[in-house]
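Engineer: Here is my input; please provide its structure:
(chains A and B)
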Amino acid sequence: MRLKLQRLHSAPPWKAFAARVLSVLLALAVTALMMAMAGIDPIDLAAQVLSATFGSSFGLEDLGLLFSPLLFTGLAVAVGLRIGAWNIGAEGQFNIGALCAAGIALFVPGPDWALLPAMIAAGALGGALWILVPTLARAYADVSELITTLLLNFVALLLVYYVATGPWLDPSGRALATTARLPVRLPEVWGIVHWGLPIALGLAVVLAVIFSVTRWGYEVRMAGSNAGSARYAGMPVRRHLIAVMLLSGALAGLGGVMEVAGTVGRLQGGISNNYGYLGIMVAVLARAAPLGVIASAFLMAVILNGGIVMQTQGLTTNTVLAMTGLILLFAAIGDELAHYRLRRLEGRN
Amino acid sequence: MNIRHLSRRGFLNMGAAAGAGLILPKTGLIRPARAQTALPPVAEADAKISFAYVGPTADEGWTWAHDQGRQAVEAAFPELTTTYVENLPYSADASRILRRMVGEGANMVFVNSNYGDFLYDVADRAPDVAFYECDGRTTLPNMGTYYVQHWYPSYIAGVAAGLMSETGKLGYVASFPVPSVYSGTNAFLMGARTVKPDATLQAIVINSWFDPQAAAQAGTALIDNGADVLFGIMDEAAYLQVAEARGVKAVMWNTDIRRYGPEAYISSIVVDFGAWYVEQVRRRLAGEWTPTEDILPLGQGVDRDAWGQSVPTEVAAQADAVREQMLGGWTPFVGEMKDNTGTIRVPAGHTMTERELYEWNWSIEGVTGVDG
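Structural biologist: Residues are numbered from 1 along each chain as shown, chains lettered A, B, ... in the order given. Predicted structure coming up:
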């Protein structure tokens, strides 16, 4: 009798899920080990992180404020992955969404009830427009969206820096390198947690339903797993690709709206706080499932909040970066391993 | 975040503006922002003093200098605890970290750069903690501001730069278009123009206080454009190394970092916050602390560094003569002054106040690149 590794075409869901959980646990264990070797008590630190995050309403409110933008960017990347498009540009679309919303709030007069929907619409539209060129280039010229969306991030960031420190600079002269405080704010639902969080959670559920029960969602998934056969079956693959990528940009743009109108209150360089890039990790960990994004964005929010505690304990943010990197590394390995199974071969050869 | 805090802050801003004319002459170190009750005393052994730094303590620059101040506090009050966080992001994460510092029991928090609302939102909700914002222009009942009158040593260094420049083109590696950059570029060029009337200054904004790679690129671009003396407001030494490699001169900030470019080094705007930090902590422990707005004057927290080895004696002497005049109370920042669009911004006969210098937000004629 011999054992043989056999690679399956697709990993069974339970195995993939187990690999995910295991990869997170392994990354935590490796980080703890490294800390112990550096003379830091990881148990004590973990206890501090958990009590600072879950032990007070301040901690929970901070967690909520981290959770919400990660949901938006995580959903943005996940939606793109459904049709096989890597939106690495959520960071840029997030910035542009914030910029559009801030522009409406600062320069359009009107009551809050009219301005807030206008800001949301403008931000979503801005995010979609920011991914328009990469989308068309991918759909009609097969230009890799990986590169084009990534490069536009830097353009978006510099554009925000330019308007926030130039034409839109706070005229009071008391705030540096930022616009004036927006006169319109997204209302809070609990403590300092604003409507961005319930809206993001709602969107995740809506997207999950769309992808699992609608014909459109089915066709998108088909086009994502095998564009050739989807096309052969008569599905409008290109049209779906364009729609999905624009939706992805709009979702990231919405995240920017919520951040500028709910959390920060001013437009400034660096408002995206790397949420766009972290969204890639959130989506990959969730295997691009909208409901999975809720879980992985929450996990990421806890880790990032833990980073805050570590920093006040004298550890550098690089520890957190290394930990998130480890999780992704283990997840990728686990993903591949979940495709294999051991088969017993009855020896006859 | 809510109307109540907004209106209170707006009210305080009005008070600060009204008080702007009352800034003491350069010899006065500290003035209370407004009369109010002090925070209660804290026993030294129970006290926790926290520092939030914009960069890493190993930058040999701005944050390193502030960390020397933290160490001076520890030396002066051996029983208290100090903590610090490096690389405080300029984002909502700053609020999270500062809130956490408060949660961990800090009695006093120094933030060594301007964080605006990210700091005020936390300070508003922690009335028993004393806060200081470096380079800030807003005060709260529990938050003061501190900075240095760097425009005087910048002007002195500008005189030396003007004497040593052959092309008359000065370069400046800028962080953001903020008042400290406007006052630095303007003062530097004004000093240079006293000895080289047609000198100009080109700035490149790199959107960071600490980005050695971007600073080196900006320095290279400025030299390619003809600049033969570089100045800037970086927390590290990258453009000094570029100047050394390219055979031009440089004026630095924060500390003596001539070893990164001994031949290029003209001088540095050196800062020393030690005595000031110790005094603020003493006041906090003693129960005397009320917020202040302090801009440390020339010779008392900020100065030019000892001249570099390639600075000729007569250049040093000529620049130091200006320094002596300034220590005697003379100021070069007198109208009429025009901005770089030709508009008169300081009328003839008006001497810019320290507050106006601190809030300088326009470029003088001859400066390009700060405001786009």
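Engineer: Excluding chain neighbours, what is closest to B:A348?
Structural biologist: Closest residue to B:A348 apart from its sequence neighbours, by Cβ to Cβ, 6 or more residues apart in numbering or on different chains: B:E336 at 4.1 Å. The way it works is simple: take the backbone N, C-alpha and C, and place the C-beta from them, glycine included.
Engineer: List the contacts of the one you found.
Structural biologist: For B:E336, the contacting residues are B:I344, B:V346, B:P347, B:A348, by Cβ atoms under 8 Å, 6 or more residues apart in numbering or on different chains.
Engineer: hang on, the second one packs against B:W360?
Structural biologist: No - with contact taken as Cβ atoms under 8 Å, B:V346 and B:W360 are classed as non-touching, separated by 10.1 Å.
Engineer: quick one, which of these two is more surrounded?
Structural biologist: Between B:V346 and B:W360, counted using other Cβ atoms under 10 Å in any protein chain shown, the more crowded position is B:W360 (24 against 18).
Engineer: doesn't B:S183 make contact with the more buried one?
Structural biologist: Yes - B:W360 is within contact range of B:S183, at 4.4 Å (criterion: Cβ under 8 Å).
Engineer: Overlap of the contact sets of the two?
Structural biologist: B:W151.
Engineer: ranges for the helices of the stretch 101-250 of chain A?
Structural biologist: Using DSSP state H, counting those that start in this stretch, the helices of the stretch 101-250 of chain A run over residues A:112-130, A:132-141, A:145-165, A:196-213, A:215-225, A:227-232, A:237-258.
Engineer: swap in chain B?
Structural biologist: B:3-19, B:62-76, B:92-103, B:117-124, B:151-164, B:179-193, B:212-224, B:238-246, B:274-286, B:313-327, B:354-358 (DSSP state H).
Engineer: Alongside chain A, which residues does the stretch 151-300 of chain B contribute?
Structural biologist: B:F176, B:P177, B:V178, B:P179, B:V205, B:N207 (Cβ under 8 Å from any Cβ of the partner chain).
Engineer: Can you tell me which of the residues you listed end up in strands?
Structural biologist: B:V205 (DSSP state E).
Engineer: Tell me the buried residues in stretch A:304-320?
Structural biologist: Of all the residues in stretch A:304-320, those buried under the rule 16 or more other Cβ atoms under 10 Å in any protein chain shown are A:304-313, A:315, A:317, A:319-320.
Engineer: can I get those residues in a markdown table with distance to A:G228, pLDDT and secondary structure?
Structural biologist: Formatted as a markdown table, the buried residues of stretch A:304-320 follow (distance: Cβ to Cβ, whole Å; pLDDT from 0 to 100; DSSP: H, G, I helix; E, B strand; the rest coil):
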| residue | distance to A:G228 | pLDDT | secondary structure |
| --- | --- | --- | --- |
| A:L304 | 40 | 87 | helix |
| A:N305 | 44 | 86 | helix |
| A:G306 | 44 | 84 | helix |
| A:G307 | 43 | 83 | helix |
| A:I308 | 47 | 83 | helix |
| A:V309 | 50 | 81 | helix |
| A:M310 | 48 | 81 | helix |
| A:Q311 | 49 | 81 | helix |
| A:T312 | 53 | 80 | helix |
| A:Q313 | 53 | 78 | coil |
| A:L315 | 49 | 76 | coil |
| A:T317 | 44 | 70 | helix |
| A:T319 | 45 | 76 | helix |
| A:V320 | 41 | 76 | helix |
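Engineer: Out of the residues you listed, which are close to chain B?
Structural biologist: Contacts with chain B within the buried residues of stretch A:304-320, counted by Cβ under 8 Å from any Cβ: A:N305, A:I308, A:V309, A:Q311, A:T312, A:T317.
Engineer: Quick check: chain neighbours aside, which residue is closest to the first one?
Structural biologist: By that I understand A:N305. The shortest distance from A:N305 to any non-neighbouring residue, by Cβ to Cβ, 6+ apart, is to A:T53 (4.9 Å).
Engineer: Relative to A:A295, how far out is B:A187?
Structural biologist: 55 Å (Cβ to Cβ, to the nearest Å).
Engineer: what does A:P12 give?
Structural biologist: 19 Å.
Engineer: what's the answer for B:D135, then?
Structural biologist: 42 Å.
Engineer: Around chain B, pick out the residues from the stretch 151-300 of chain A.
Structural biologist: A:158, A:161-162, A:165-166, A:169, A:172-178, A:181, A:185, A:192, A:259, A:263-266, A:268-271, A:273.
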